[in-house]
Structure formats: structure tokens, C-alpha cells
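Undergrad: sharing a model prediction with you, sequence too.
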Amino acid sequence: MRRIDITGQRFGRLLATAIAPSSNANMRWKCICDCGRVVVVAVGRLTSGRKTSCGCEKAEAIARRIADSGHFQPDLAHAEEWRPASSVAPEWLEASSYGRIRSVLSDPRILPPYANKQGHLYVGARVEGVVKQFSVHRTICAAFHGPPPRGRKSMALHNDGDPLNNRPNNLRWGSGADNAGDRDGHGRTMHGVNCHLAKATPTLVREFRDLYAGGRSARSIALEHGFSPSAVLDIVKRRTWRRVA
């Protein structure tokens with residue numbers, strides 16, 4: 001495999017400084033971020049543009065989103081209250097009525113959150129030498145509303161559908177069905193043609209159902225229109241596209 005020398009090249013905030021040891025065929029480079037942190041990155045992630053910082057760029061973007069949301073602004077009518085959430089987190093992690101998480105070990109500090117792809121906030125904390133991630137909304141819900149009633153099956157739900165709003169009065173315990181109902185209520189469930197995987201249309205759905213009701217088999221309908229028989233059967237049996245009359 002031909003080695004690519006990218007020494008001195010810049011990729012976003014990262015400056016490639018030297019090749020790093022690797023246990024496989026993927027070349028890795030030691031890089032210095034503009035924030036001063038040193039990271040090791042696979043060369044493909046650099047040249048493709050998938051990695052442009054040590055992570056500080058994303059953290060800053062999350063911080064801006066949190067600041068713009070106003071959810072962490074002090075409530076002048078109520079002082080910030082801190083409570084432990086030992087049912088879902090270590091006893092030295094505490095949750096705030098303002099939606100924050102802090103460590104109360106020898107160096108007490110508020111932990112900076114980061115967001116996953118769904119926009120939910122997490123914090124990282126070292127437990128017995130290993131960094132573990134803790135869900136902000138689940139930790140706060142346990143601190144202010146008690147342990148999850150069904151253990152890991154219980155979900156911490158946002159009443160307003162905003163994953164950045166983790167104040168206790170916006171959280172409650174619920175089930176997966178409750179979560180699905182919230183998604184529908186907040187308009188976040190992709191139905192029918194709004195789903196990026198949708199192949200059918202309301203017009204086709206009605207045609208399939210009319211043909212099936214008239215005696216055609218799901219298999220013959222599927223072959224004629226380029227669908228799988230199981231997909232057609234789901235449509236005519238109203239297991240999918242239930243919202244189409």
C-alpha cells in the first residue's frame with residue numbers, strides 16, 4: 001500500500017504532524033488541533049473531510065445550541081437545586097433543576113454535555129478508570145421523579161419534545177409506546193411519503209387495496225408493480241399505511 005505523506009497539511013482545525021503507529025493497514029496520523037489537543041486520526045477520515053477537529057468544534061456547536069435555547073438560564077424565581085441520581089448514576093453525580101449534571105468528587109465541576117445524532121444530551125464521567133456516558137435527561141428524571149419504575153424499559157420523555165430542555169418539569173417516565181405517541185404529537189414521526197424509504201404513494205395504496213378486495217392476490221399485485229409480496233400484503237392488511245383511508 002502506497003503511503004501518503006500529509007505532514008504539515010491542514011484539515012479544518014487539525015494539523016497533521018507525524019505518522020502514528022497502527023496495528024492494521026489503515027494509516028493513522030498524529031494531529032494537533034487548534035485548541036491544543038493532540039489526536040490520532042485515520043488518514044481516510046482526514047482526506048475525506050469527515051474529521052476536521054479533535055471534537056471541540058462539535059462541542060462548541062452544542063454549547064451554542066444550548067445557549068441559544070435558553071434552557072440553562074437561571075430561574076430568578078427559583079434557586080438551582082441539586083439532587084443525587086444514584087438509581088441510574090454513581091452517587092457522586094448530581095442533577096440540577098436547571099438541567100445540568102455535576103461531579104462532586106474532589107474537584108467539583110459541572111460536566112459539559114454533548115449531543116448524540118437524535119439531539120439528546122449526554123455527559124462523560126470516569127468510573128473506575130473507564131469513561132462512561134450518562135444520559136442527561138434520564139439522570140435528571142431519576143433525581144427529581146424517582147427511580148425508573150420499569151428499570152431499563154422505562155424511558156425519560158420530554159413533554160415538549162425538545163431534547164435540550166431537561167428541566168425536571170419537562171421530564172416524565174414513560175414507555176416505548178408513550179414515546180411513540182409523543183413523536184406523533186410533536187409531528188416528528190415520518191408517515192407515508194414523508195419517510196425517506198417510502199416506495200408507495202397514497203394513490204398506489206388505494207389501488208392495491210381495491211385490487212385485493214376485488215380478488216387479486218398480493219403476489220400478482222406485487223409482480224405487476226415491482227413490490228415484494230410481503231410489502232403489498234402489509235399494505236392491504238393495513239399493517240402499514242394505516243392513515244390512508
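TA: All right, it came through fine. Bear in mind that the values here come from a model prediction, so they are computed numbers and not experimental data. Numbering: from 1, shown residues only.
Undergrad: contacts and neighbour counts: CA atoms only from here.
TA: Will do.
Undergrad: could you chop this protein up by domain?
TA: Split into domains by automatic domain parsing, the chain comes to 10-53, 82-185, 193-236.
Undergrad: immediately after the longest helix seen in the chain, which helix or strand?
TA: Scanning the chain for the helix with the most residues, using DSSP state H, yields helix 56-69. Remark: after helix 56-69, the chain's next helix or strand is strand 82-84, criterion DSSP states H and E.
Undergrad: does anything pack onto that following strand? Which helices or strands?
TA: The helices and strands touching strand 82-84, judged by 3 or more CA pairs under 8 Å, 6 or more residues apart in numbering; DSSP states H and E, are strand 93-96, helix 136-145.
Undergrad: do that again at 6 Å, thanks
TA: Counting contacts by 3 or more CA pairs under 6 Å, 6 or more residues apart in numbering; DSSP states H and E, strand 82-84 packs against strand 93-96.
Undergrad: would you map the strands across this protein?
TA: In the chain, the strands defined using DSSP state E lie at 10-11, 14-20, 28-33, 38-42, 82-84, 93-96, 101-103, 109-110, 114-115, 121-127, 130-135, 155-158, 171-174.
Undergrad: what lies in contact with the last one?
TA: In other words, strand 171-174. Residues outside strand 171-174 that contact it (CA atoms under 6 Å, 6 or more residues apart in numbering): S154, M155, A156, L157, H158.
Undergrad: again, but for the fifth one
TA: The contact list for strand 82-84 (CA under 6 Å, 6+ apart) reads E94, A95, S96, A143.
Undergrad: may I ask which of those has the most neighbours?
TA: Within those, neighbour counts (other CA atoms under 10 Å) peak at A95, which reaches 28 neighbours.
Undergrad: where does the chain dip in pLDDT?
TA: 1-3, 23-25, 72-77, 186-199 (pLDDT under 70).
Undergrad: report the central residue of it.
TA: The C-alpha lying nearest the average C-alpha coordinate of the chain belongs to Q118 (CA atoms, centre = their mean; 2.9 Å).
Undergrad: sorry, back to before: distance to H71 for the domains of the chain - can I get that in a markdown table?
TA: Putting the domains of the chain into a markdown table (distance: least, CA to CA, whole Å) gives the following:
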| stretch | distance to H71 |
| --- | --- |
| domain 10-53 | 27 |
| domain 82-185 | 6 |
| domain 193-236 | 30 |
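Undergrad: closest to A59 out of the ones you listed?
TA: If you check each of the domains of the chain against A59 by CA to CA, domain 82-185 wins as the nearest, at 6.3 Å.
Undergrad: endpoint to endpoint, the closest one covers what distance?
TA: Domain 82-185 has an end-to-end distance of 31 Å (CA to CA, to the nearest Å).
Undergrad: before we move on, what about stretch 41-57?
TA: End-to-end distance for stretch 41-57, by CA to CA: 16 Å.
Undergrad: if you count neighbours, what's buried in that stretch?
TA: Going by neighbour count (16 or more other CA atoms under 10 Å), the buried part of stretch 41-57 is V41, A42, V43, L46, K51, T52, S53, C54, E57.
Undergrad: export those residues to JSON lines and tack on distance to A79?
TA: Below are the buried residues of stretch 41-57 laid out as JSON lines (distance: CA to CA, whole Å):
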{"residue": "V41", "distance to A79": "44"}
{"residue": "A42", "distance to A79": "47"}
{"residue": "V43", "distance to A79": "49"}
{"residue": "L46", "distance to A79": "46"}
{"residue": "K51", "distance to A79": "41"}
{"residue": "T52", "distance to A79": "40"}
{"residue": "S53", "distance to A79": "37"}
{"residue": "C54", "distance to A79": "36"}
{"residue": "E57", "distance to A79": "32"}
